[in-house]
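Just a sequence and a predicted model for now, questions to come.
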There are 6 protein chains.
Amino acid sequence: MRVDGRQANETRTITIERNYIKHAEGSVLISVGDTKVICTATVEDKVPPFLRNSGTGWITAEYGMLPRSTGTRNQRESSRGKVGGRTMEIQRLIGRALRAVVNLKALGEKTLWLDCDVIQADGGTRTASITGAFVALADALYKQVEKGSLNQLPITDFLAAVSVGIVSNQAVLDLNYQEDSAAEVDMNIVMTGAGRFVELQGTGEEATFSMDELHQMLDLGKIGNENWIALQKEVLGPEISNLIAKNALQNA
Amino acid sequence: MRVDGRQANETRTITIERNYIKHAEGSVLISVGDTKVICTATVEDKVPPFLRNSGTGWITAEYGMLPRSTGTRNQRESSRGKVGGRTMEIQRLIGRALRAVVNLKALGEKTLWLDCDVIQADGGTRTASITGAFVALADALYKQVEKGSLNQLPITDFLAAVSVGIVSNQAVLDLNYQEDSAAEVDMNIVMTGAGRFVELQGTGEEATFSMDELHQMLDLGKIGNENWIALQKEVLGPEISNLIAKNALQNA
Amino acid sequence: MRVDGRQANETRTITIERNYIKHAEGSVLISVGDTKVICTATVEDKVPPFLRNSGTGWITAEYGMLPRSTGTRNQRESSRGKVGGRTMEIQRLIGRALRAVVNLKALGEKTLWLDCDVIQADGGTRTASITGAFVALADALYKQVEKGSLNQLPITDFLAAVSVGIVSNQAVLDLNYQEDSAAEVDMNIVMTGAGRFVELQGTGEEATFSMDELHQMLDLGKIGNENWIALQKEVLGPEISNLIAKNALQNA
Amino acid sequence: MRVDGRQANETRTITIERNYIKHAEGSVLISVGDTKVICTATVEDKVPPFLRNSGTGWITAEYGMLPRSTGTRNQRESSRGKVGGRTMEIQRLIGRALRAVVNLKALGEKTLWLDCDVIQADGGTRTASITGAFVALADALYKQVEKGSLNQLPITDFLAAVSVGIVSNQAVLDLNYQEDSAAEVDMNIVMTGAGRFVELQGTGEEATFSMDELHQMLDLGKIGNENWIALQKEVLGPEISNLIAKNALQNA
Amino acid sequence: MRVDGRQANETRTITIERNYIKHAEGSVLISVGDTKVICTATVEDKVPPFLRNSGTGWITAEYGMLPRSTGTRNQRESSRGKVGGRTMEIQRLIGRALRAVVNLKALGEKTLWLDCDVIQADGGTRTASITGAFVALADALYKQVEKGSLNQLPITDFLAAVSVGIVSNQAVLDLNYQEDSAAEVDMNIVMTGAGRFVELQGTGEEATFSMDELHQMLDLGKIGNENWIALQKEVLGPEISNLIAKNALQNA
Amino acid sequence: MRVDGRQANETRTITIERNYIKHAEGSVLISVGDTKVICTATVEDKVPPFLRNSGTGWITAEYGMLPRSTGTRNQRESSRGKVGGRTMEIQRLIGRALRAVVNLKALGEKTLWLDCDVIQADGGTRTASITGAFVALADALYKQVEKGSLNQLPITDFLAAVSVGIVSNQAVLDLNYQEDSAAEVDMNIVMTGAGRFVELQGTGEEATFSMDELHQMLDLGKIGNENWIALQKEVLGPEISNLIAKNALQNA
């Protein structure tokens, strides 16, 4: 039995509220338990220098936490004058993950900016960010199709992420902050709708793990990501979801 | 008739949702029309160096905008590596305004951090920040009284802020973004429950204004601030509001 | 009676020395009591990106203090690696104020840089900066007319600024440092030759002020600004002053 | 057959030269094919603020590349004024990995700084850094034992790291730069002498991977790490290696 | 004959105005031709960390140029967020030079800050800064003797600096900006009243120089520094000058 | 007799290993006693803005020290977020020195980047950097001649640098770290193959020096630079050395 009464293979309650910020092309408020992240997707009609005149688009992400999203106040990175290592690591992960399910060639010379801002944190902010950002991205790209600036939706599959870990020698799914702080091993798993891995990041926190423990965690990750992709489909509705599913089939 | 159908002396709809972020000692989501700001208050048991061993407390504020709170995406100040001039100006204003209604001596050697983060912007973000931050601050300080770390609530009066301006030669109250962009004159008025001025900042935007126009704007500011202080009282409830009102009477 | 023997409605001695720095298109040393500021105006034949191809010019200001312009040494902002909030606030104010009396359309795609560097500070450095910068700007623009790069002087009126405040419950004009440190209320008033407001910034310093006190301060501000604009006229001489006065009449 | 003639399960030639820098407590030059990294270990008799008076030590790493370690010159991070995201990610990884095989409690309030500076890069710089840093760390800690400032060697097991990946649909071990640039999947595997995982970071580069491919890569990673740990033992010599092996047995 | 009519061995007109800034312990405005520098000396009752509890004092210098001290406007180093290489080089030189003529042990645990701010530049700003800073320093230290916080004046000799160079194959003294821009060789010479060298910095500007040319420049440097030290004596007056001269004799 | 047994006029053992880094157009590892510096030369086909369309090339240098190249660990300048004054001074010196022996007009619109990274420091790192960078530069430029992107080798003479100083009242050549720390006077001398000065930087370290001492140091500097230029010739081999020698003769 876990600290919040869940089973080892149970995720927390997750909700995704679409169209949360009126200005953005795509935006959601995702809540995973007490973790709440605003994800917005912005479409920009240019690409970074290294892609100019390549015909290829780009996806990049930025991540932030409000100072009091956490139990004690964090100093703003703008006040410190630099973006910290943890933030860099997370925003690079989010961008990389989403690029894996978008056909950048079909996107053309556009950049998608995904901004994930944690307004309340309780563990799993990076996986919530990826899971929420996917929905914001789908909305933003679908709008480009509707207004004719894209011929087809360049999303090749669904994408979600979940954390798993070893806490008190037991593999558990979707760790909250209290569990995360005590975990011996912490792993983030990003998967597609087809069940393929996009990113695996497993870390022994001053500890190590065996092949057997790895498999237990991978099994839990599969359960979590399948649940969340099911929710993404429901939230996005049949029209968008069917388009993505069709693309995924063609890529299989 | 204004762009959104309001009368010149009419404010937008305002709501204040208390206890919005579970970790903070005080927190609200304030919505003024489509402007939405999360205000949190954090109590820290130390003061900046210039106040050490003075027995006196301090209040400081920080302000931020999510990148996509606006019509086009703003680069993060953390990515640019510095806090911009507009942000500095606003956060200095918020801090100064709130210090005017707190007895810093009675607060003792504590610092109150007010974080105002705009998640959606449609004009008047600095005045919404002040108005919302006051409620977050009242909650945070009242909690200190409840838990015995303060003997009495060191708030000397209510405090709200509203913007007024001259748009198409007419004085109007509580400008939205469209009006603000077109305004000849823009003025922010911070007032107490007793109707005294805390801060007046009037700026001709490549324009100037007369004494007569100044008075029209001051009259509208009074209306706006009285309305919003009435809401603050309602939202905070009779227990806290009566304590503040009593303090205000004693200071009069 | 004030600390330096002045009446409440009396300003300090003010002098403006033109052509103080040989390289600049316009430059003055302005002294207001013991406050001394070097103001230079530089004309640059390009505009910031947001104005390119607009046919419109721009005016921007920067403000600095020598480390030992004050009673105790200030660390250089270059050494700290960033411009502080107070500096930002002041230089934004100076730029905004001067833009209000220049026809930016008539200026064409030029940028005017106003650099105000305090070499000795004794209160009122921002208002001295505005008052001095106006003269440097007039000289720099008049030189453009003389050398044929402007058809006419694009200055629409005179501009000066003065500080007023409430010290020991009395409204006083042109506060020196000692008064400023003790003031309950501090207000900067920027006015045109026609007596219209360009900027009003009144701040209760951990205090508040009434409508009646506001009026006393506005009355003093009018006296101060009229005096200083009279000096600007005298210093600039009849040729330039008459051109500005004529423009001001046409705009009235 | 791979571009440099190796088999899929073959690593490049690796050499580790101990005591490479005379000033450091531990230092090596590690060469993995054409990748060359100087790793130094510095012992400092204090810990970061969050560990003061905890009795516990700390290990932290920094990573850098000489500007011309790569095919085209990279701008120095010192000149750019900030450490990039990739550098942060790598140095956080190195520090985390080494903390997993050191008993920080037994280390006491000391900090170990591991500096990994790439002087020539040809793929796999982060795994070479970890593998080399382990030897530098072992030397530095053994010196503490010799001089009596530690009672015992607080290293709990050997540690090495290797990269694996999918290149042209084939799983390969120890990618050089040319392979890395073309890889569909890239994974870094950090393992202990006991064959347990410390860190797994697998990334689809605009691609995804299956459970089957994951296993192929894990198998190769095991081969690579076993080879390199064998070399570490040889290079460190029987005295130090036996101490570590004994510790590892006790921990099993 | 030189561009401004001087002989090869002639310096420009130099004036030193003492007590130029009322707040500083020592301050001068030094003019060397059209080069004008404000030098202030600040006494601080603490030393940098590396000298704490050593009983020894420190002297450090900072150098700046107003943006429009030069023919075209320079961006402020505070706006750029960093101090440039030329500034660093100059301020390190100024500090080093002055430390050579102060007995830091006799100064005790005090720091002297020398701020040299160029308000108008026409070549030779670093040598003018050193020559002027010496007078500001003498004043600041003499005040410490007068008020009893130093027992004796810890200045061991006079100190001045002058530039020499090779222009059109001729050695010349005290180059103005036009000469400096065209010089093949540029050398700054810092000397004591006793005629000893403190610092020699000779640089071929995409050129080289012979031993013979070096001697011609050293001879001119001697003339220049003797002239300027004579002026320093006159400006400081007999009381302070005699104290320094006496110290210099004892050190000889 | 010196601390390491050398005579006053004796240099340490020096070795220069060419082609040390495979990616760079020119690269050496230079060892002067225990001082070891990697110098690389990179050829870039563009010039800084101030030289565009001038037909003229540029040479610039950057200098760094690995954190543990010294007895105690230095914080990385990238972590501190800025390049320190000493580094700036040294890299400006290296660039200036090498520009003196390259015909920038004949180089054409190319930039040569010289990166000097100290991997082990024992005094004299800046003079070792210049001496080593010359060889890397010669290699890089000769490769341009070989591949036809330059018609002729634009190097006008050999170039080396050595430090001299006064230690315990005696002039000595090529100071190691221990001597450098104790030196009363420290001078760096950069000379050409023809024995002309390129740069002279002599500094009294809280001390001064006489004309006589200057001459003793210049004599030692000549010996040191002649020795090292002899080694450069030997290391570069007759083909390149003869080309440079021929150029030097023509320039004489």
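Arrived safely.

quick one: residue A:83 and chain B, what's the gap?
Distance of residue A:83 to chain B, given as C-beta to the nearest C-beta, to the nearest Å: 5 Å. Every residue, glycine included, has its C-beta placed from N, CA and C.

repeat for residue A:163
20 Å.

again, but for residue A:233
Applying C-beta to the nearest C-beta to residue A:233 and chain B gives a distance of 25 Å.

Residue A:158 is in contact with that residue, correct?
Yes: between residue A:233 and residue A:158 there is a contact under C-beta atoms under 8 Å: 7.1 Å.

who touches both of those two?
residue A:245 (C-beta atoms under 8 Å, 6 or more residues apart in numbering or on different chains).

Which one's more surrounded, those two?
Counted by other C-beta atoms under 10 Å in any protein chain shown, residue A:233 and residue A:158 do not tie: residue A:158 has more neighbours, with 27 against 17.

Pull the contacting residues for that one.
Residues near residue A:158 by C-beta under 8 Å, 6+ apart: A:101, A:134, A:192, A:193, A:229, A:232, A:233, A:244, A:245, A:248.

which of these count as buried?
A:101, A:134, A:192, A:193, A:229, A:232, A:233, A:244, A:248 (16 or more other C-beta atoms under 10 Å in any protein chain shown).

From those residues, which land in strands?
residue A:192 (DSSP state E).

Identify, from the buried ones among the contacts of residue A:158, the entry nearest to chain E.
residue A:134 (36.8 Å; C-beta to the nearest C-beta).

State the distance from the closest residue to chain C within the stretch 151-252 of chain A to chain F.
Nearest residue of the stretch 151-252 of chain A to chain C (C-beta to the nearest C-beta) works out as residue A:154 at 31.1 Å. Between residue A:154 and chain F the computed distance is 36 Å (C-beta to the nearest C-beta).

helix/strand/coil for the residue in chain A that chain F sits nearest to?
Nearest residue of chain A to chain F: residue A:82, at 6.9 Å (C-beta to the nearest C-beta). Following DSSP: H, G, I helix; E, B strand; the rest coil, the label given to residue A:82 is coil.

Could you do the one 4 residues further on as well?
The local conformation at residue A:86, judged by three-state DSSP, is helix.

for the residue lying closest to it once chain neighbours are set aside, what are its contacts?
Using C-beta to C-beta, 6 or more residues apart in numbering or on different chains and skipping the chain neighbours, the partner closest in space to residue A:86 is residue D:92 (7.8 Å). Neighbouring residues of residue D:92 by C-beta under 8 Å, 6+ apart: A:85, A:86, A:89, D:61.

quick one on the thing from earlier: what's the pLDDT at the closest residue to the residue of the stretch 151-252 of chain A closest to chain C other than its chain neighbours?
Closest residue to residue A:154 apart from its sequence neighbours, by C-beta to C-beta, 6+ apart: residue A:106 at 3.8 Å. pLDDT, residue A:106: 96.

just residue A:114 next, same as before
The model's pLDDT for residue A:114 equals 98.

That one: how many residues sit nearby?
Neighbours around residue A:114, by other C-beta under 10 Å: 28.

Break down the stretch 151-252 of chain A into its helices, ranges please.
A:177-182, A:211-251 (DSSP state H, counting those that start in this stretch).

Buried deepest among these, which one?
Most buried of those, by mean neighbour count (mean count of other C-beta atoms under 10 Å in any protein chain shown): helix A:211-251, with a mean of 17.

so what does that helix touch, helix or strand wise?
Counting contacts by 3 or more C-beta pairs under 8 Å, 6 or more residues apart in numbering or on different chains; DSSP states H and E, helix A:211-251 is packed against strand A:14-18, helix A:125-146, strand A:159-167, strand A:170-173, strand A:185-192, strand D:197-204.

let's see it at 6 Å
When contacts are defined as 3 or more C-beta pairs under 6 Å, 6 or more residues apart in numbering or on different chains; DSSP states H and E, helix A:211-251 packs onto helix A:125-146, strand A:159-167, strand A:170-173, strand A:185-192.

Just tell me which of the ones you listed ends up closest to chain E.
helix A:125-146 (30.0 Å).

counting contacts, what elements does that closest one pack onto?
Helix A:125-146 packs on strand A:26-32, strand A:35-44, helix A:85-99, strand A:111-120, strand A:159-167, helix A:211-251, going by 3+ C-beta pairs under 6 Å, 6+ apart.
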